[in-house]
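**Student:** Please work out how this folds:
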Amino acid sequence: MYIPASFREDRLEAMHALMRAHPLAMLIVQGRDGLQAAPVPFMLYADEGGRGTLRAHVARANPLWRELDGAGECLVVFQGPDGYVTPSWYASKATTHKVVPTWNYATVQARGRATAIDAAAWLRRQLDDLTRCHEGDRPQPWAVDDAPADYLAAQMKALVGIEIPIARIEGKWKMSQNREMADRQGVVDGLRAADDPHRNAPLAEAVEGRIERQAAGRLAFARPSAEESGKPV
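**Tutor:** Residues are numbered from 1 along each chain as shown. Sure thing, here's the model as predicted:
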């Protein structure tokens, strides 16, 4: 993935946080007949392996899982907050007019060799973990055991597990770092404006988070190069 230096995110904990917050990722595999892709909700096991391990399941009828053996490295793309940025939010619009629209986003790409797992005990653990993760904050959470045993057994026969130890991981937070501070603050204000058609509170929080990290001295910031400044990235 092309990542200008000012947009690079190397902190594993930050990338893991995005993956947990946006678990529906695009799994991309080089199959026998070309690229295969499917949106899959993943569970991240951060403490397994140096960079974490991803687990999920897909329908047995989905041909993608049959491509995993011998497919080599696969790619899993997690998409965080994103949205359109109008140049009308930039303070510099009123002075230089050298502004154009762009799109801000945060994304994580994880790579590793995937294994298809057709084992009932493994699959049951994955279903239990996935359910607890997404039901845990409900006042009366649903549990896998709530389903009749025969019904559950039939459903599980229609699923196949997927496990991917993460070998490589990259993060890109394109949050207007290639603009002057006044322009970046204008983006935050615009994204939070109640009457703006492009209001986007999650993206505003992400842009502001990069500003705060820089102000606290936790994020080295180099003035953008001529290649980066004002150009699509």
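
**Student:** show me the contacts for the residue nearest the centre of the chain.
**Tutor:** Computing the C-alpha centroid of the chain and ranking residues by CA atoms, centre = their mean puts residue 78 first, at 2.5 Å. Listed by CB atoms under 8 Å, 6 or more residues apart in numbering, the contact partners of residue 78 are 18, 19, 22, 23, 25, 42, 107, 108, 109, 110. For glycine as for every other residue, the C-beta is placed from the backbone atoms N, C-alpha and C.

**Student:** Would you mind giving the secondary structure of it?
**Tutor:** Using DSSP: H, G, I helix; E, B strand; the rest coil, the structure places residue 78 in strand.

**Student:** for the closest residue to residue 127 other than its chain neighbours, what are its contacts?
**Tutor:** Counting by CB to CB, 6 or more residues apart in numbering, residue 127 lies nearest to residue 144, which is 5.4 Å off, once chain neighbours are set aside. Residue 144 makes contact with 124, 127, 128, 131, 152, according to CB under 8 Å, 6+ apart.

**Student:** ok, so of those residues, who is nearest residue 162?
**Tutor:** residue 127 (12.9 Å; CB to CB).

**Student:** And for the closest one, the neighbour number?
**Tutor:** 19 (other CB atoms under 10 Å).

**Student:** With residue 95 instead?
**Tutor:** 10.

**Student:** With residue 203 as the reference, measure out to it.
**Tutor:** 25 Å (CB to CB, to the nearest Å).

**Student:** what does residue 23 give?
**Tutor:** Residue 23 is 19 Å from residue 203, by CB to CB.

**Student:** any weak-confidence spans in the protein?
**Tutor:** 218-233 (pLDDT under 70).

**Student:** Strands along that one, start to end?
**Tutor:** 8-9, 24-31, 34-41, 43-45, 53-59, 73-85, 102-113, 115-117, 159-165, 168-174 (DSSP state E).
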